[in-house]
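**Q** build me a model from this:
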Amino acid sequence: MENRAVQPGAAKLSRSDAALLSLDVLTLRDRLASGAVRTVEIARACLAQIALREPQVQAWAWLDEDHILAEAARLDALRATGRPVGPLHGLPVGLKDIIDTARIPTENGTTIDKGRVPTEDAAIVRQIKAAGALIMGKTVTTELAYLAPGKTRNPVNPAHTPGGSSQGSAAAVGAAMVPLAIGTQTGGSVIRPAAYCGIVGFKPSFGTIPRTGVLTQSPTLDTVGVFAGSVEGAALLAEVLFGHDPQDGATALAAPPRLLATARAAPPVKPMIAVLANPPGPVSPDEDMKLAIDELTEFLGEQAFTITLPPLFDQAAAVRERINHAEMAKNYYGYERRGWDALSEVTRSAMTAGQDIPARDYISALDWRDILNSALDEIFDRCDAIVTPATPGTAPEGLASTGSAIFNGLWTLCGTPAVTLPLFQATNGLPMGVQIIGRRGDDARLLRTARWLFAEVMQSQEETGNG
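**A** Numbers count the residues shown, from 1 in each chain. Next comes the predicted model:
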């Protein structure tokens, strides 16, 4: 299918369009269900916003206005028949361009795959289609979902990076071009860009969402995640994606948890939060981030206590990188053969490093997930969630780097669920994300805790005039 992106000036954002885009995704869902708004109206509002912001933000790798409007009309016609519809019916969703879409290009952020058009949808694409989602298009990814930046800019300040590698998905939601989007995380590629773009990002427990039809970089680490403007929106989308896939051996056989219902429920008691005093890695949070975490800890009062991870965790970053590089060298061997010179230096360096890792070191690294989780379980026996900075600070200026994932990689290695909440703003006006981590497999409880924390902080900011 031809890539016919919406051109600047092709649409204008009316007051009614702006009003639609300002609504939370659950409100949009309810208005669609009641007939107060149609999918075509929401699609047109999104397209108008894309025409307004895309020239600056550059979030989309593939977008076809005619295709979007035709699909929106089809979804409206289906609802009009009175037949049962899915939980996402009519809601626009952006897809990271490493997720296969039948008859729509999936180019994985590399010229080596330019013009690649899959014949089958990824498992998660089939799931969101069955749920009635309107696929808006493919969002920009970094080269092969690694560190070489794509074209996307930060929607809050285009002079800064939006993060990586799910940069297009995060920026599209941050710029209100689309209410929901899907990305992936192998190091920090959901949590980091969500924090930089001032939105909610949710990386679920490893093995909860199928990856069949998604670019494989590191099967031990690769995790599908979601972006939204609220915790409830993230829960709504993630719940549709959760499930077992026989083609992805990492996925569990258990029935998907009721993420949205749990997230919206009031906690039985006020959650207990463990604030991490020593975020993993050699980089320390900047002064704005330190102050924000201190303020949050003070605000929580008796609901918080400070913890320090044991020295064992100091090796986690190197272990995660060892697994990532070794598996990357294996899984990207086809790119090495087909177009080594077309790859960036940072990608080639990672693949070369992976080739040099001894098998015994790689195999021993695989044992660390269970070892680290055993230590974390002792902490989670005393709290509902762990709080730590999502990033060392705000999005770095310039587009040469996607920023640091040093505070995210540990949780990816452990396979624990994590949520970014846009709770604070730095002195430079950019958003700062706070990362909330839950026990592995306890995603619903984490989302409930995250929603409670977000609501408490927002209410306090409104009352004190600091919102």
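**Q** what's the helix or strand for T141?
**A** Using DSSP states H and E, T141 falls within no helix or strand.
**Q** that one: what's it in contact with?
**A** A61, K96, D97, I98, N108, G109, G150, G164, S165, S166, Q167, G168 (CB atoms under 8 Å, 6 or more residues apart in numbering). For glycine as for every other residue, the C-beta is placed from the backbone atoms N, C-alpha and C.
**Q** now do 7 Å
**A** K96, D97, I98, N108, G109, G150, S165, S166, G168 (CB atoms under 7 Å, 6 or more residues apart in numbering).
**Q** next up, phi/psi of the last one, please.
**A** In terms of degrees, to the nearest 10, the main-chain angles of G168 are phi -70, psi -40.
**Q** what's the burial count for it?
**A** Neighbour count for G168, taken as other CB atoms under 10 Å: 33.
**Q** any idea how far I68 is from the spatially closest residue to T119 that is not a sequence neighbour?
**A** Once flanking residues are discounted, T119 sits nearest to A102: 6.0 Å by CB to CB, 6 or more residues apart in numbering. Distance, A102 to I68, by CB to CB, to the nearest Å: 16 Å.
**Q** again, but for L372
**A** For L372 relative to I68 (CB to CB), the value is 43 Å.
**Q** taking the contacts of T141 one by one, which sit in helices?
**A** G168 (DSSP state H).
**Q** kindly list the longest helix within the protein.
**A** helix 443-464.
**Q** pLDDT of that helix, averaged?
**A** Average pLDDT, helix 443-464: 93.
**Q** in a strand, K138, correct?
**A** Yes: under DSSP: H, G, I helix; E, B strand; the rest coil, K138 sits within a strand.
**Q** residue contacts, it?
**A** Here K138 is in contact with A61, W62, L95, D97, T101, I104, P105, T106 (CB under 7 Å, 6+ apart).
**Q** for V346, same thing?
**A** Y146, L147, A148.
**Q** pLDDT score assigned to G334?
**A** 98.
**Q** in a helix, it, correct?
**A** Yes: counting by three-state DSSP, G334 is found in a helix.
**Q** now flag whichever of the contacts of T141 is closest to Y362.
**A** S165 (22.3 Å; CB to CB).
**Q** before we move on, the earlier item: now, which of the contacts of K138 lie within strands?
**A** If you go by DSSP state E, the contacts of K138 have A61, W62, L95 in strands.
**Q** which of those residues are buried?
**A** A61, W62, L95 (16 or more other CB atoms under 10 Å).
**Q** could I get these as TSV with distance to Q303?
**A** Output for these, formatted as TSV (distance: CB to CB, whole Å):
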residue	distance to Q303
A61	43
W62	45
L95	38
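**Q** re earlier: what is the nearest of the ones in strands among the contacts of K138 to D341?
**A** Nearest member of the ones in strands among the contacts of K138 to D341, counting by CB to CB, is A61, at 22.4 Å.
**Q** quick one: which of A102 and I68 has more around it?
**A** Neighbour totals were compared for A102 and I68, and I68 leads with 23 against 16 (other CB under 10 Å).
**Q** how about the helices in the stretch 101-250 of the chain?
**A** Remark: helices assigned in the stretch 101-250 of the chain by DSSP state H, counting those that start in this stretch are 123-130, 167-174, 191-197, 231-241.
**Q** these: which one's closest to I307?
**A** The nearest among these, by CB to CB, is helix 191-197 at 19.3 Å.
**Q** same question for stretch 277-293, mean pLDDT?
**A** 92.
**Q** what about stretch 205-221, how long is it end to end?
**A** End-to-end distance for stretch 205-221, by CA to CA, to the nearest Å: 11 Å.
**Q** stretch 136-156 too?
**A** OK, stretch 136-156 end separation, CA to CA: 22 Å.
**Q** any idea how far that stretch is from the chain center?
**A** Distance of stretch 136-156 from the chain centroid (CA atoms, centre = their mean, to the nearest Å) equals 12 Å.
**Q** next, the buried residues of that stretch.
**A** Buried, per 16+ other CB under 10 Å, within stretch 136-156: 136-150, 152-156.
**Q** how far away is the nearest residue to A131 once chain neighbours are set aside from T220?
**A** Distances taken as CB to CB, 6+ apart put G86 closest to A131, at 3.5 Å, once the chain neighbours are dropped. Applying CB to CB, the value for G86 to T220 is 32 Å.
**Q** so which of these two has more stuff around it?
**A** T220 (19 against 15).
**Q** that one and A326 touch, don't they?
**A** No: judged on CB atoms under 7 Å, T220 makes no contact with A326 at a distance of 9.2 Å.
**Q** what's in contact with stretch 329-341?
**A** I112, L144, T216, Q217, L343, R348, M351, G354, Q355.
**Q** break down the stretch 301-450 of the chain into its helices, ranges please.
**A** Using DSSP H, counting those that start in this stretch, helices in the stretch 301-450 of the chain cover 316-331, 333-339, 345-355, 359-365, 368-380, 409-414, 443-464.
**Q** buried sites along the fourth one?
**A** The one in question is helix 359-365. Y362, A365.
**Q** what sits up against that helix?
**A** V319, R322, I323, A326.
**Q** cool, the longest one as well?
**A** For helix 443-464, the external contacting residues (CB under 7 Å, 6+ apart) are 204-205, 208, 231-232, 235, 257-259, 262-263, 265, 267, 271, 299, 384-385, 417, 419, 421, 423, 436, 438, 467.
**Q** next, count neighbours for A51.
**A** Count around A51 with other CB under 10 Å applied: 20.
**Q** what's the end-to-end length of stretch 378-386?
**A** 12 Å.
**Q** stretch 233-252 now?
**A** 23 Å.
**Q** what do you get for stretch 257-276?
**A** 27 Å.
**Q** what of stretch 305-313?
**A** For stretch 305-313, the end-to-end distance is 19 Å (CA to CA).
**Q** next: stretch 352-361.
**A** 16 Å.
**Q** rewinding a little: for the longest helix of the chain, buried residues please.
**A** For helix 443-464, by 16+ other CB under 10 Å, it's 443-454, 457.
**Q** any chance you could map the strands in the stretch 1-150 of the chain?
**A** In the stretch 1-150 of the chain, the strands defined using DSSP state E, counting those that start in this stretch lie at 60-62, 92-96, 134-139.
**Q** okay, now the sheet partners of the second one, with direction.
**A** For strand 92-96, the paired strands and their directions (DSSP bridges) read strand 134-139 (parallel), strand 180-185 (parallel).
**Q** quick one: mean pLDDT for that strand?
**A** The model assigns strand 92-96 a mean pLDDT of 98.
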